[in-house]
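Participant: Structure of the sequence below:
(chains A and B)
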Amino acid sequence: MGYPDNAAYAVVGYMITSVVVLAYTVSLYIRIRMER
Amino acid sequence: MTKQETLSRTLRLGWALTLSALLGLVAVYVRAAYFTPIEITQGPAQKIFYVHVPSAWACLVAFAVTGILSLLYLWRRTLKLDAIAAASAEVGLAFGVVMLTTGPIWGKTVWGAWWSWDARLTSTLFLFLLFIGYMVLRGAVTDPETRARFSAVIGVLALVLVPFIYFSVYLFRTLHPEPPVLRAGAPTLPGSMLVTLLFSVFVFTVLYVGFLMLRYALSILRELREEEEAHGIS
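Facilitator: This next block holds a predicted model:
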């Protein structure tokens, strides 16, 4: 019996995680730069 | 230590931790994708678990820290405690977005539904919305003392929800699985999956601390600017 073909869901989940984490990092960077 | 010294130290350490954790996140992806076995019944989609659980962990830790610091603020009335509590709440919301988007994606593959109004999911969403309210309130009140007092009350009320969310899978019949690690008895995960999960939890914890320091540094910078403006006016 093979695995369900659902790797795309994992890829989307990892992409969302990356986007949110990077966006928050960039937002902190920009806000810190603006205040300095 | 002067405010400037605290600021540069917090910024340096904050960036070091954040950038290290971002590299660690890449390592988590590689380990989860290529060095962790595929779960036999759920298939590759189960690998969302390695970001969903750590982000939920970081989110709940962040909100718990906000709650505890809010409680301390109401006791000690130190604005520094309020600033760190607010920083932790904002960082918690960022992790909350990851938790609340990766969860339904995983749920769709396992339950066949994006969402279920069960105790764990509903209470977590409620906590997330409560902290959005916390941030909105902070934006609406200009006096620092009043802002700190009002938001500390919300922070303390939200703290009550954190253990409720953890125990909700035991107290109610829910679709959400029970924790495989933080539980009575031995972990239910096979070794290689457990290592990946614990590594990811570690990386997300470091990322939380890094974000928290940077966000706190931002509030020190704002405070310094406000002081400069006040001196300029007088």
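
Participant: residues in contact with the residue nearest to the spatial centre of chain A?
Facilitator: Central residue of chain A (Cα atoms, centre = their mean): A:Ser18, 1.9 Å from the mean position. The contact partners of A:Ser18, by Cβ atoms under 8 Å, 6 or more residues apart in numbering or on different chains, come to B:Leu25. All C-beta atoms are positioned from the backbone trio N, CA, C, and that covers glycine.

Participant: what's the helix or strand for it?
Facilitator: A:Ser18 belongs to helix A:7-35 when assigned by DSSP states H and E.

Participant: Likewise for B:Trp57?
Facilitator: Using DSSP H and E, B:Trp57 maps to helix B:49-76.

Participant: Give the other helices and strands that that helix contacts.
Facilitator: Where contact means 3 or more Cβ pairs under 8 Å, 6 or more residues apart in numbering or on different chains; DSSP states H and E, helix B:49-76 is packed against helix A:7-35, helix B:3-34, helix B:79-110, helix B:119-140, helix B:144-171, helix B:191-233.

Participant: Tell me what angle the last one forms with helix B:79-110.
Facilitator: Here helix B:191-233 runs at an angle of 140 degrees relative to helix B:79-110 (axes from the mean of the first three to the mean of the last three Cα atoms, to 10 degrees).

Participant: angle of helix B:191-233 against helix A:7-35?
Facilitator: Going by the same axes, to 10 degrees, helix B:191-233 makes 20 degrees with helix A:7-35.

Participant: what packs against helix B:191-233?
Facilitator: Other helices and strands packing on helix B:191-233, by 3+ Cβ pairs under 8 Å, 6+ apart, are helix A:7-35, helix B:3-34, helix B:49-76, helix B:79-110.

Participant: on that earlier part again, report the rounded mean pLDDT for the helix holding A:Ser18.
Facilitator: For helix A:7-35, the mean pLDDT works out to 97.

Participant: Name the residues of it that are buried.
Facilitator: For helix A:7-35, the neighbour count (16 or more other Cβ atoms under 10 Å in any protein chain shown) marks A:9-11, A:13-14, A:16-18, A:20-21, A:24-25, A:28, A:31-32 as buried.

Participant: and what of stretch B:8-22?
Facilitator: By neighbour count on 16+ other Cβ under 10 Å, the buried set for stretch B:8-22 is B:10-11, B:14-15, B:17-18, B:21-22.

Participant: now do stretch B:159-177
Facilitator: Buried, per 16+ other Cβ under 10 Å, within stretch B:159-177: B:159, B:161-162, B:165-166, B:168-169, B:174-176.

Participant: Using a markdown table, lay out these together with distance to B:Phe150 and pLDDT.
Facilitator: What follows is the buried residues of stretch B:159-177, written out as a markdown table (distance: Cβ to Cβ, whole Å; pLDDT from 0 to 100):
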| residue | distance to B:Phe150 | pLDDT |
| --- | --- | --- |
| B:Leu159 | 16 | 95 |
| B:Leu161 | 18 | 92 |
| B:Val162 | 20 | 92 |
| B:Ile165 | 23 | 92 |
| B:Tyr166 | 27 | 89 |
| B:Ser168 | 28 | 89 |
| B:Val169 | 32 | 86 |
| B:Thr174 | 33 | 80 |
| B:Leu175 | 36 | 80 |
| B:His176 | 32 | 83 |
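
Participant: Which members of the residues you listed define the maximum pairwise distance?
Facilitator: The span of those, defined through Cβ to Cβ, is set by B:Leu159 and B:Leu175 at 25.8 Å.

Participant: which residue packs closest to residue 9, ignoring adjacent ones?
Facilitator: Using chain A here. Excluding its sequence neighbours, the residue lying closest to A:Tyr9 (Cβ to Cβ, 6 or more residues apart in numbering or on different chains) is B:Ala45, at 4.0 Å.

Participant: wrong chain, I was asking about chain B
Facilitator: Distance criterion Cβ to Cβ, 6+ apart; nearest residue to B:Arg9, sequence neighbours excluded, is B:Met1 at 7.9 Å.

Participant: Three-state assignment for the one you found, please.
Facilitator: Secondary structure, DSSP: H, G, I helix; E, B strand; the rest coil: B:Met1 is coil.
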